[in-house]
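Q: got a sequence here, can you build the structure:
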Amino acid sequence: MKREKKKSSRVPLHLAEPEVSLGGRLQQMFAQRPILQGVGIGVSICALFGAVMLVSSWRGRQVKGIEELQEGMRLLQNGDATLAASKLELAERYLEGGEESYLTQLALFKLGNIEEKKGNLPEARRQYEASVDMDGPLKAESLLAVARVLALAKDDSLAVSYYRKFLEQYPDFPMSEIVRQKMGGG
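A: This is a model prediction of the structure:
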C-alpha cells in the first residue's frame, strides 16, 4: 500500500509577500511549523530576559556613577581633594559611554581642577582636554581651563591657540570679552 503525500498548505518563506516584515515572516514560520512555536517562545523569553538584565546592569552602573560623582563633589567641597579625586575617577569609569556623558564631563573637569590646585599641571591639562573632547555643557569652560593651565606652564603660544579656539567656538560666551582683552584684541 502506497502512501500519498499530503499537500502542504505552507507558503515557503522565499515566496512570502515582500511587504511582510521580518517579524511577520517569523510569525508565519512559527504558525506553519507548530514545533517551532515552543522554541520561538523559549528564545523570545530568553532574549527578553537578557535584555532586561543588560538594561538593569547598565542602569546600575549609571546610578553607581552618579552616587560616586555626588560623593566626590561633597568631598571636594569639604577640602579632601585626594579622596574626592578617587571618587571622581570611579564616577568617570561608571558613567563612561552612557547617556549621561555630561556627568562624565563634569567628573573629568573636576579632576582637572583638583590636579590644577595640587600644581600637577600636565595631569590637569590631560583631564581638561578629555573634558574638551566631549560634547557637553562644560566644553567652553574646559577650553578656558586648558588655556589657563598652558599659560601657567609658560606655554604661551599653545595657550593662545586654545583661547582662539574658545573665541571661535563661543564668541558670545560671557567670558569671551575678557579673553579678547587678555589677548589684546579688546
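
Q: residues contacting Glu115?
A: Ala85, Leu121, Glu123, Ala124, Gln127 (C-beta atoms under 8 Å, 6 or more residues apart in numbering). Backbone N, C-alpha and C define where each C-beta goes, glycine included.

Q: and those, which two are the farthest apart?
A: Ala85 and Leu121 (15.3 Å; C-beta to C-beta).

Q: between the two, which is the more surrounded one?
A: Ala85 (22 against 17; other C-beta atoms under 10 Å).

Q: from Asp156, how far out is that one?
A: Ala85 sits 28 Å away from Asp156, going by C-beta to C-beta, to the nearest Å.

Q: ok, Glu141 next?
A: Glu141 is 21 Å from Asp156, by C-beta to C-beta.

Q: more neighbours, those two?
A: A direct count of neighbours by other C-beta under 10 Å for Glu141 and Asp156 places Glu141 higher, at 19 against 10.

Q: for that one, which non-adjacent residue is spatially closest?
A: Excluding the flanking residues, the one nearest Glu141 by C-beta to C-beta, 6 or more residues apart in numbering is Phe109, at 6.8 Å.

Q: and that neighbour, how many neighbours?
A: Counted with other C-beta under 10 Å, Phe109 comes out at 24.

Q: next: Leu76.
A: Using other C-beta under 10 Å, the number of residues around Leu76 comes to 20.

Q: beyond the helix or strand that it is a member of, next helix or strand please.
A: Assigned by DSSP states H and E, Leu76 belongs to helix 34-77. For helix 34-77, the following helix or strand on the C-terminal side (DSSP H and E) is helix 81-95.

Q: show me what counts as buried in that following helix.
A: For helix 81-95, the neighbour count (16 or more other C-beta atoms under 10 Å) marks Ala81, Ala84, Ala85, Lys87, Leu88, Glu89, Leu90, Ala91, Glu92, Tyr94, Leu95 as buried.

Q: before we move on, what about stretch 152-164?
A: Under 16+ other C-beta under 10 Å, the buried positions of stretch 152-164 are Asp155, Ala159, Val160, Tyr162, Tyr163.

Q: want to throw the residues you listed into TSV with secondary structure and pLDDT?
A: TSV is the format used below for the buried residues of stretch 152-164 (DSSP: H, G, I helix; E, B strand; the rest coil; pLDDT from 0 to 100):
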residue	secondary structure	pLDDT
Asp155	coil	95
Ala159	helix	94
Val160	helix	94
Tyr162	helix	95
Tyr163	helix	95
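
Q: any chance of those in CSV, with distance to Asp135 too?
A: Formatted as CSV, the buried residues of stretch 152-164 follow (distance: C-beta to C-beta, whole Å):
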residue, distance to Asp135
Asp155, 26
Ala159, 23
Val160, 24
Tyr162, 18
Tyr163, 21
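
Q: which one of the residues you listed is nearest Ile66?
A: Tyr162 (30.0 Å).

Q: quick check: Glu116 vs Pro174, distance?
A: Distance from Glu116 to Pro174, by C-beta to C-beta: 21 Å.
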